[in-house]
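In: Sequence first, predicted coordinates after that:
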Amino acid sequence: MTMLKLIATLISLFMLEAPLPTAASEATEGVIIRQALEKERFGRRRGDVELALGICSPNFVVYDGAGAEDMLAWTVKHSNPEAFASSLAEELAKARYDVLRSVTFLKVIENEAIVAVVDSGHVIARDSGERRPYRSANLWRFRKQEERWLATSLVADFGDSTLGPFTGLPADEGAAGVVETLRAEAEGWSDGDVGAIVSNLDEHFTAFDAYDKFGIATWLIIFSNPQGYESWLTRRFDLTDYEMNREIVHVSVDGDEALAVTADDMVTSHRLGSAKHGEKRHVFWTLSKRSGDWKIVDMVLHTKHRN
Amino acid sequence: MKCLLLFDEMLFGKYTEKAHTRHPGSTRRGVTRLAQSLISPSAQLTLARLTTKSIVIKQIHSETDTFSLSGLPMTTKAFTHSVTTFAAALLTLSACSTTEQEVAEQIEILAASEIDSEPFNQSVAELVQIGRPAARQLMALLDPALYLEKQYREYRDEIEKTRTGAAIALGRIRHQAATASLVARITTVFTTRERIAALRAVSELGFDLAAIKALEKLQIDPDPLIRLYANMALIKMGEAGTQERVREVVLGEDAKLARIAMSELEKANHYGVPLLVDLSRVEGSHQEVTRSALVALSDQLVIQLGDDDPEVRQSSAKALGLMGNPEVGDALSALLDDKSNTVRFNAASALSRLGDSRGIDFLFNSIRTDDAVLRVNAIKSLVSVQLASGVVEARLLEAMASKNPMDRSGAAQILGEAGVSSAVVALMSATSDDDPRVRWTSIMALGQIGASEARPQLETLVEDGDATVAYYAEWALGRI
């Protein structure tokens, strides 16, 4: 009996010690997210803007993927749900979307999710009845808020990895705040200053790794909240020193929303050994000024570009 | 907070137990009071806090002799047991946490050091020293999907270091549960160093059907080095058929690859011996290296004769027998008293192969035993010795004339299974033995040898009064 209790106690303590997200929970959340996406599809099909927008969070942002998987081609399309709603209403007044939606990739970690879908079918003009083929790859971001999965962003029509090369948009005066934030973040790395980095993060900050590959299916959510990232940075800076040089190669700003791509040249030396690691990597960023200052919402490390 | 409560519970339990010892048979209320009186003032405060907060003792029933711990009714004995349980859990948890930190630190050293550098190898050695408690963290380093949150690493080079180190350590720890994870790392998605580390680790973990299938698939890998390591792993999993592929590499034109193959065979311990012995007999530039490898291995195998694991003792003895060095006779003879049957018989077989009478005597004495298992082992061993070296032939023929029928029937069986044609006369004579066991084993042996000269005699024996003898005579005639 004592031994049984001991085993039970140890098991429960270990479970408390290292909780891991399970495939089962991911599957359950995935079903709910798929249902939300279906709701949006029905809204488009019925021309019901309200139904389609029902899955969007109040801070919903739409990015234009420009038909390309290379993020240097992406721009901010609608920086708030209102702008998206009026555009969608206009679109749905003109045409009906008779499309099927297949989910090609879905990844959930804690309260954050990323979903790639391919919509294919026909767009039917309401006045003439003309049908034209339609195919669009879309990347949705979802966040679980008060037990509901709501879409926080959409990269509309992305996906062709053969398009390009793209050079990106240079930062103009309107992008000064974005540039400043990204530079401050880079300095934080060179200074080994965790605070300087995390002070630039949105409360819903999420980090991904794209592993230098086209194809969303290879993405991994590496940090689902700023706290996890901060604790990783703290340990990392205890053990390593960074030299970081950042070039901002692409910025798109619309209202309080922005996206950017940086080319980071970095070298890391370890305090516990002589090995040095370094790389030149591209990073994709989405930023928001909702809280007053520009804050980093999403960070995708190791993005691939055609150049 | 949780730990504090556990500590408080332990504290109270300890004093309750003391009170019980001093006043056996006292009522529950009395024991509780005594326990409280034994506790120091500060601890009494803790107890009071716990009691008022209803965390530990919710009710004390003197009549029913039960406590209620956090709502769960239990006797004092169970209460004390649970305290012991919590204490053990706490100690274990604390030890686990320390180990986890140690492992994490070693992993950082792996990440910060070049593969195969001194600090890297030292770190692997430390992880191996920690052993199985390190396995969970090491296995997490193998899977690319687990490089996230606190495990995240930005650089592929860095991941290669941690993954290679983890694979080497897991192999040396012999953590069999890691086999599937390691096998998944031998695909072309991973770097050559990662693949080789995984292959070497898999080879340390012993037979696994899924691993063998995955290793066989690597026979079409474009990298000859990967194919070599896959074959070495197969050899170490007991797939003897693979030896020919490694043999071809050693005798092949790629000198660098041949050197690696030789070095791996030397590192393969007893698994490499059959091929090394074979190669040492083939003329060529490799011969000298092979012989010195065998000398080095021989020393190692002699040390392994004293290993705690009977499988290691047995395999080492067997390999030493193959090597044919009579100088190891004394070391082998020490195993004739081993507590494991298989070790004893393998040592005796090895000694017999070396022509050492201690092994031969052991096996012949074992033929006489009434224990069927030992007798079968002895017969099996003598058959393999006779087939490999022929050194027991004269002794077997001698045994055919023994007064002990067990000797005669055993010898007949061995002579038959080893196909010793010079024994036909003795076997034919034994078909008229008084003991039916000797008669039918001799008849069987004649059938196995295919002795046509025994046909007339066998035809007579078909009518033998003993049904078994008659049956085997019929059977032998069918074989001749």
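Out: All right, it came through fine.
In: I'd like to know which helix or strand in chain A has the lowest mean pLDDT.
Out: Within chain A, no helix or strand scores below helix A:2-17, which has a mean of 51 by mean pLDDT, DSSP states H and E.
In: so what's the residue of chain B found nearest chain A closest to, chain neighbours aside?
Out: Here the residue of chain B nearest chain A is residue B:112; by C-beta to the nearest C-beta that distance is 2.8 Å. Heads up, the C-betas are built off the backbone N, CA and C, glycines and all. In this structure, residue B:112 finds its nearest non-sequential neighbour in residue A:273, 2.8 Å apart by C-beta to C-beta, 6 or more residues apart in numbering or on different chains.
In: my read: the one you found touches residue B:118, true?
Out: No: look at residue A:273 against residue B:118 with C-beta atoms under 8 Å: they stay out of range, at 10.3 Å.
In: quick one, which of these two is more surrounded?
Out: residue A:273 (20 against 9; other C-beta atoms under 10 Å in any protein chain shown).
In: mind checking pLDDT for the more buried one?
Out: On pLDDT, residue A:273 comes in at 96.
In: residues contacting it?
Out: Residue A:273 sits next to B:109, B:111-114, B:117, B:119-120 when contact means C-beta atoms under 8 Å, 6 or more residues apart in numbering or on different chains.
In: now swap in residue B:188 and tell me
Out: Going by C-beta under 8 Å, 6+ apart, residue B:188 touches B:195, B:221.
In: just to revisit the earlier point, could you tell me which of the contacts of residue A:273 count as buried?
Out: The neighbour-count criterion (16 or more other C-beta atoms under 10 Å in any protein chain shown) marks B:109, B:111-113, B:119-120 among these as buried.
In: Pick out the residue in chain A sitting closest to chain B.
Out: Per C-beta to the nearest C-beta, residue A:273 is where chain A lies closest to chain B, at 2.8 Å.
In: which element is residue B:302 on?
Out: helix B:286-304 (DSSP states H and E).
In: Show the end-to-end separation of stretch B:108-116, please.
Out: One end of stretch B:108-116 to the other measures 15 Å (C-alpha to C-alpha, to the nearest Å).
In: Mark out where each domain of chain A begins and ends.
Out: Taking automatic domain parsing as the domain assignment, the ranges for chain A are A:21-158, A:173-301.
In: Return the residues of the stretch 51-200 of chain A in contact with chain B.
Out: residue A:109 (C-beta under 8 Å from any C-beta of the partner chain).
In: Mind doing that once more with 10 Å?
Out: The stretch 51-200 of chain A comes close to chain B at residues A:109-110, as judged by C-beta under 10 Å from any C-beta of the partner chain.
In: Tell me where the stretch 51-200 of chain A has helices.
Out: A:81-94, A:176-191, A:194-198 (DSSP state H, counting those that start in this stretch).
In: With mean pLDDT added, can I get the ones you listed in TSV?
Out: Below are these laid out as TSV (pLDDT from 0 to 100):
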stretch	mean pLDDT
helix A:81-94	94
helix A:176-191	97
helix A:194-198	97
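In: so where's chain B shaky on pLDDT?
Out: B:1-96 (pLDDT under 70).
In: With the stretch 1-150 of chain A instead?
Out: Within the stretch 1-150 of chain A, the segments meeting pLDDT under 70 span A:1-26.
In: Strands of that one, start to end?
Out: A:56-64, A:75-78, A:95-109, A:112-125, A:131-145, A:148-158 (DSSP state E, counting those that start in this stretch).
In: Just send those strands back as JSON lines, with mean neighbour count too.
Out: Converted to JSON lines, those look like this (neighbours: other C-beta atoms under 10 Å in any protein chain shown):
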{"stretch": "strand A:56-64", "mean neighbour count": "21"}
{"stretch": "strand A:75-78", "mean neighbour count": "20"}
{"stretch": "strand A:95-109", "mean neighbour count": "17"}
{"stretch": "strand A:112-125", "mean neighbour count": "19"}
{"stretch": "strand A:131-145", "mean neighbour count": "17"}
{"stretch": "strand A:148-158", "mean neighbour count": "22"}
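In: residues touching the nearest residue to residue A:81 once chain neighbours are set aside, list them.
Out: Nearest residue to residue A:81, sequence neighbours excluded (C-beta to C-beta, 6+ apart): residue A:60, at 4.3 Å. By C-beta atoms under 10 Å, 6 or more residues apart in numbering or on different chains, the residues touching residue A:60 are A:53, A:78-85, A:141, A:150-154, A:257.
In: Touching, the residue of chain B closest to chain A and residue A:241? I think so.
Out: No: between residue B:112 and residue A:241 there is no contact under C-beta atoms under 10 Å: 11.5 Å.
In: what's the overlap in contacts for the two?
Out: In contact with both residue B:112 and residue A:241: A:268-271, A:276, using C-beta under 10 Å, 6+ apart.
In: Counting neighbours, which of the residues you listed comes out on top?
Out: Within the shared contacts of residue B:112 and residue A:241, neighbour counts (other C-beta under 10 Å) peak at residue A:268, which reaches 23 neighbours.
In: Isn't that residue up against residue A:190?
Out: No: in this structure residue A:268 lies outside contact range of residue A:190 using C-beta under 10 Å: 11.0 Å.
In: Next, show the common contact partners of these two.
Out: With C-beta under 10 Å, 6+ apart as the test, residue A:268 and residue A:190 both reach A:241-244.
In: so what's residue A:77 closest to, chain neighbours aside?
Out: residue A:64 is the one closest to residue A:77 (C-beta to C-beta, 6+ apart), at 4.1 Å.
In: The one you found bridge partners, please.
Out: residue A:75, residue A:156 (DSSP bridges).
In: got the residues of the stretch 201-307 of chain A near chain B?
Out: Near chain B, when you scan the stretch 201-307 of chain A using C-beta under 10 Å from any C-beta, you find A:207-209, A:211-212, A:218, A:220-225, A:228-229, A:231-232, A:235-236, A:238-240, A:242, A:266, A:268-279, A:281, A:301-302.
In: Any of the residues you listed buried? List them.
Out: A:207-209, A:220-225, A:228-229, A:232, A:236, A:239-240, A:242, A:266, A:268, A:270, A:272-273, A:275-277, A:281, A:301-302.
In: So which of those residues are in strands?
Out: Counting by DSSP state E, these place A:207-209, A:220-223, A:240, A:242, A:266, A:268, A:270, A:276-277, A:281, A:301 in strands.
In: And those residues, which two are furthest apart?
Out: Maximum pairwise distance in these, criterion C-beta to C-beta, is 28.1 Å, between A:221 and A:276.
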